[in-house]
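*Asks:* this is a predicted model, with the sequence first.
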Amino acid sequence: WARQLQRQLGVYQKQVAEILGTGSSKHELEKDELGRDLLKVSGNFEKKLKKVLEESVKTWLQGAGDLRSQSISSQTVFDIKQASGKYRVEVNFDPKAADLLKDFRLLQGIGLLDPSKAGAVQALMQINWLKERYPSYRALSDTLKTYERTVERITPDIISLTAEVRAEAQECITLGVVRKKWTLPVTADQYAKELGGVVAKFETTVDELVDKYRVLNEKLNELESCPATQGDIKKALEDIQKVVNEMDLDENANGTSWMNSFRDKVDAVLLGRMRKMMTMWAKNIDRLASGGEDEGEGTKVCGVRQVRSVHRIRIQRGSIVLDPPVAMARHHWLGQLQACLQIVAKQTKLSVSSYSDALGASAAVGDTTMSYLLEKLKPEFMGAQQTIEREVAKAQAAADMWMRYKSLWAGNSSDVLTYMSDVHKDDLGKWISMLISIRESRNDLDFGDKGGDCAITVDYSDVQTRVMEKYDVWIKDLLMKFAETMMAA
């Protein structure tokens with residue numbers, strides 16, 4: 001600042017001399033009264049500036065020389081300080097060092113630093129000491145900031161994977177707290193490079209883990225929301241496996257346990273999808289049980305066709321039979337449910353150590369599919385079984401109603417006539433009661449549904465007409481015999 005004033009004062013002197021029409025030399029200015037006044041004022045002001053400059057430089061040299069009293073050389077590179085109730089590591093270096101070096105370059109540039117002045121030698125020694133160590137100080141400061149920023153990026157999801165590289169960085173920082181000192185510049189420089197390398201490795205590892213975990217989360221969301229088809233779920237799992245394989249190659253600390261924990265997340269997503277499949281399957285059964293019809297080729301649940309179980313009552317070899325038995329409906333519906341669940345259960349199990357397995361480092365035994373997830377659906381399977389049993393019970397009741405006509409079909413009206421003639425020949429009330437009962441049973445056959453509201457169809461269309469015709473024949477024969485009995489009476 002004072003040096004700038006000196007230069008400005010010289011400019012003003014030249015300008016005044018030009019106005020007075022005299023030369024700018026001191027001899028020329030002394031010829032004029034105004035010039036003499038100018039020289040007097042400027043001389044006094046210049047003396048004042050020179051005194052200020054000398055005092056400022058002297059003060060600066062004294063301050064720079066006093067740096068020795070701080071005994072920086074005996075201090076460790078790092079120090080632990082407390083602020084706002086928290087402890088943090090800081091570079092143990094004079095905070096004024098940057099200003100001192102800046103002032104030194106300024107004083108040297110404008111020619112005010114005279115080595116012959118008192119205290120200059122001592123100050124220059126301290127400046128040289130700082131110059132030799134200042135690059136290490138800046139490097140260590142930047143490295144600490146990088147370490148702190150990197151720690152802030154670590155989330156609870158990946159903290160176990162960073163344990164090893166973080167411990168290496170902390171161990172290296174600890175050396176700077178308890179052992180590494182500023183004694184030799186080469187020592188500080190080597191330590192700064194060593195710590196920089198360790199922290200750079202820590203930062204790179206964390207950045208990669210953050211990116212890979214973000215990708216895994218995206219793929220996990222895709223696995224949860226993609227269409228429930230064999231191909232879509234397979235692709236989502238393959239994308240996840242690819243990232244997991246990359247992490248396996250990185251050999252991060254606690255990698256196996258972390259991978260197992262992440263596989264549990266994948267299993268949870270797939271179990272959720274399987275439960276939704278079972279819910280859709282049960283809703284389709286309820287829809288059919290409420291009178292709903294098969295739509296086209298049947299309602300599709302997760303791409304698997306879901307249709308009613310059909311059981312036909314027919315006459316075979318002179319007997320009424322049910323084909324297939326209603327009990328087979330259990331196999332029918334459970335088979336369709338299993339077809340849905342196999343979309344997930346047949347997928348390849350997520351491997352947490354694909355490369356190790358491929359190299360034979362670990363023995364891969366057991367099933368390599370996700371069929372183990374089925375064991376975790378026992379409560380849901382119990383509910384599905386109850387739904388099936390409910391429908392089986394309704395279908396069995398409908399089938400039993402028709403199967404009771406087996407005796408009618410196998411029997412003969414002459415057997416009834418013989419019995420009535422022998423036992424109740426003269427009992428007209430018994431005859432009338434028998435005829436009314438047969439007529440009512442005949443009328444019961446006129447209903448038009450096929451087993452009522454049920455997800456299992458009992459189709460009796462093959463036998464309904466034939467049984468009704470046989471009833472009609474029986475009624476005709478019995479009425480004729482009854483008329484003969486009445487006429488004989």
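*Replies:* In hand now; what should we look at?

*Asks:* all strands for this structure, in order.
*Replies:* Secondary structure of the chain (DSSP state E): strands at 78-83, 86-91, 299-301, 304-306, 309-316, 319-323, 456-459.

*Asks:* for the stretch 151-300 of the chain, which spans come out with low pLDDT?
*Replies:* Scanning the stretch 151-300 of the chain for pLDDT under 70 picks out 294-299.

*Asks:* hey, where'd the helices end up in it?
*Replies:* With DSSP state H, counting those that start in this stretch as the definition, the stretch 151-300 of the chain shows helices at residue ranges 163-178, 185-225, 230-250, 255-289.

*Asks:* could you dump these to JSON lines with mean neighbour count and distance to Y471?
*Replies:* In short, each C-beta sits where N, CA and C put it, glycine included. Formatted as JSON lines, the helices of the stretch 151-300 of the chain follow (neighbours: other CB atoms under 10 Å; distance: least, CB to CB, whole Å):
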{"stretch": "helix 163-178", "mean neighbour count": "16", "distance to Y471": "85"}
{"stretch": "helix 185-225", "mean neighbour count": "17", "distance to Y471": "60"}
{"stretch": "helix 230-250", "mean neighbour count": "17", "distance to Y471": "53"}
{"stretch": "helix 255-289", "mean neighbour count": "17", "distance to Y471": "31"}
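
*Asks:* which one, of these, ends up nearest to A384?
*Replies:* Each of those has some distance to A384 by CB to CB; the shortest is helix 255-289, at 6.1 Å.

*Asks:* tell me the helices and strands packed up against the closest one.
*Replies:* Applying 3 or more CB pairs under 8 Å, 6 or more residues apart in numbering; DSSP states H and E, one finds that helix 255-289 contacts helix 185-225, helix 230-250, strand 299-301, helix 328-345, helix 378-403.

*Asks:* mind checking these for the one nearest to L322?
*Replies:* Closest approach to L322 among those (CB to CB): helix 378-403, 5.3 Å.

*Asks:* now that closest one: buried residues?
*Replies:* Applying a neighbour-count criterion of 16 or more other CB atoms under 10 Å, one finds E380, A384, T387, I388, E391, V392, K394, A395, Q396, A398, A399, W402 buried in helix 378-403.

*Asks:* can I assume the fifth one is in contact with I285?
*Replies:* Yes - under the criterion of CB atoms under 8 Å, E391 lies in contact with I285, with a separation of 6.6 Å.

*Asks:* so what sits against both of the two?
*Replies:* W333, A455 (CB atoms under 8 Å, 6 or more residues apart in numbering).

*Asks:* out of the strands of the chain, deepest packed?
*Replies:* Ranked by mean neighbour count under mean count of other CB atoms under 10 Å, these are led by strand 456-459, which reaches a mean of 22.

*Asks:* what is it packed up against?
*Replies:* By 3+ CB pairs under 8 Å, 6+ apart, strand 456-459 packs against strand 309-316, helix 378-403.

*Asks:* that strand pairs with which strands?
*Replies:* strand 309-316 (parallel) (DSSP bridges).

*Asks:* can I get the partner strand as CSV, trimmed to CA atoms?
*Replies:* Coordinates of each C-alpha in strand 309-316 appear next as CSV, following Å, rounded to 0.1, in the frame of the first residue of the first chain:
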residue,chain,number,x,y,z
SER,A,309,-61.8,-78.3,-13.3
VAL,A,310,-64.5,-80.2,-15.3
HIS,A,311,-65.9,-83.6,-14.0
ARG,A,312,-68.4,-85.4,-16.2
ILE,A,313,-71.1,-87.8,-15.0
ARG,A,314,-71.6,-90.4,-17.7
ILE,A,315,-73.0,-93.9,-18.2
GLN,A,316,-70.3,-96.4,-18.8
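
*Asks:* now do that strand, average pLDDT.
*Replies:* What strand 309-316 shows for mean pLDDT is 84.

*Asks:* show residues contacting that strand.
*Replies:* Against strand 309-316 from outside (CB under 8 Å, 6+ apart): 320-326, 328-329, 332-333, 395, 399, 402-403, 409, 455-460, 462-463, 466.

*Asks:* correct me, but M277 touches A228?
*Replies:* Yes - between M277 and A228 there is a contact under CB under 8 Å: 6.6 Å.

*Asks:* which residues do the two both contact?
*Replies:* In the contact map built from CB under 8 Å, 6+ apart, the residues linked to both M277 and A228 are C302, I343.

*Asks:* where does pLDDT dip in the stretch 301-450 of the chain?
*Replies:* In the stretch 301-450 of the chain, residues with pLDDT under 70: 354-366, 406-428, 440-450.

*Asks:* ok so, going back, need the helices of the stretch 151-300 of the chain in CSV with distance to W431, can you?
*Replies:* Shown next, in CSV, are the helices of the stretch 151-300 of the chain (distance: least, CB to CB, whole Å):
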stretch, distance to W431
helix 163-178, 97
helix 185-225, 74
helix 230-250, 68
helix 255-289, 44
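
*Asks:* closest one to V304 among those helices?
*Replies:* The minimum distance between V304 and the helices of the stretch 151-300 of the chain falls on helix 255-289, with 8.7 Å, by CB to CB.

*Asks:* what's the angle between the closest one and helix 378-403?
*Replies:* Angle of helix 255-289 versus helix 378-403, following axes from the mean of the first three to the mean of the last three CA atoms, to 10 degrees, is 20 degrees.

*Asks:* so what angle separates the directions of helix 255-289 and helix 163-178?
*Replies:* Counting by the same axes, to 10 degrees, helix 255-289 lies at 140 degrees to helix 163-178.

*Asks:* ok, I436 - how many residues close by?
*Replies:* The number of residues packed near I436 is 10, by other CB atoms under 10 Å.

*Asks:* how near is it to L479?
*Replies:* From I436 across to L479, the span is 12 Å (CB to CB, to the nearest Å).

*Asks:* is it true that I240 touches L223?
*Replies:* Yes - judged on CB under 8 Å, I240 makes contact with L223 at a distance of 6.9 Å.

*Asks:* show me the common contact partners of these two, please.
*Replies:* V266.

*Asks:* thinking again about what came up before, for V244, which of the helices and strands packed on strand 456-459 is the nearest?
*Replies:* Per CB to CB, nearest to V244 of the helices and strands packed on strand 456-459: helix 378-403, 28.1 Å.

*Asks:* and that closest one, what does it pack against?
*Replies:* Under the contact criterion of 3+ CB pairs under 8 Å, 6+ apart, helix 378-403 touches helix 255-289, strand 309-316, strand 319-323, helix 328-345, strand 456-459.

*Asks:* in this structure K81 contacts E90, no?
*Replies:* Yes - contact status for K81 versus E90: in contact at 5.4 Å, counting by CB under 8 Å.

*Asks:* report pLDDT for L106.
*Replies:* For L106, the pLDDT comes out at 64.
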